[in-house]
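Novice: structural data only, the sequence is not supplied:
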């Protein structure tokens, strides 16, 4: 299964969200649908999860990394994860929804207990190594 996530940054923090059906925060993203490229999925998921009042330029997505991972939601499910970095500032207002309970601008002071496997094992270490977050 192919999955995408997008990194948005502000003030040395990364935007993550908490789905209502999950115990941990995850990246803004989700599954790649049939006949959809990973980039198309990343853009679609950002529109769905951030809400209609969030403003971003669809041409500012850059593929940073991809890797194989075990899904946080199902330890028996293998996924291939594509991570995009948004090159620019996210503007507008984030809107919670039936799917998304809340948003968090995360830095390492929050610790890792609240994070999905993908954030904990791959994305946050990458962000710290590359001085993208504190």
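Specialist: Yes, it's here. This structure is a prediction, so every number in the text was calculated from the model and none was measured. Residues are numbered from 1 along each chain as shown.

Novice: just say helix, strand or coil for residue 89.
Specialist: At residue 89, secondary structure determined by DSSP: H, G, I helix; E, B strand; the rest coil is coil.

Novice: for it, grab the count of nearby residues.
Specialist: The number of residues packed near residue 89 is 12, by other C-beta atoms under 10 Å. From N, CA and C alone the C-beta is placed, and that goes for glycine too.

Novice: contact partners of the lowest-mean-pLDDT helix or strand in the chain?
Specialist: When the helices and strands of the chain are scored by mean pLDDT, DSSP states H and E, helix 117-118 comes last with a mean of 90. Contacts of helix 117-118 with the rest of the structure, by C-beta atoms under 8 Å, 6 or more residues apart in numbering, involve 5, 26-27, 69-72, 81.

Novice: which of these count as buried?
Specialist: 5, 26-27, 69, 71-72, 81 (16 or more other C-beta atoms under 10 Å).

Novice: what residue, apart from its backbone neighbours, is nearest the most centrally placed residue in the chain spatially?
Specialist: Central residue of the chain (C-alpha atoms, centre = their mean): residue 27, 2.1 Å from the mean position. Distances taken as C-beta to C-beta, 6 or more residues apart in numbering place residue 5 nearest to residue 27, at 3.1 Å, with adjacent residues excluded.

Novice: the helix or strand where that neighbour lies: partners in the sheet, and parallel or antiparallel?
Specialist: Secondary structure assignment for residue 5, by DSSP states H and E: strand 2-7. In the sheet, strand 2-7 lines up against strand 28-31 (antiparallel), strand 78-86 (parallel) (DSSP bridges).
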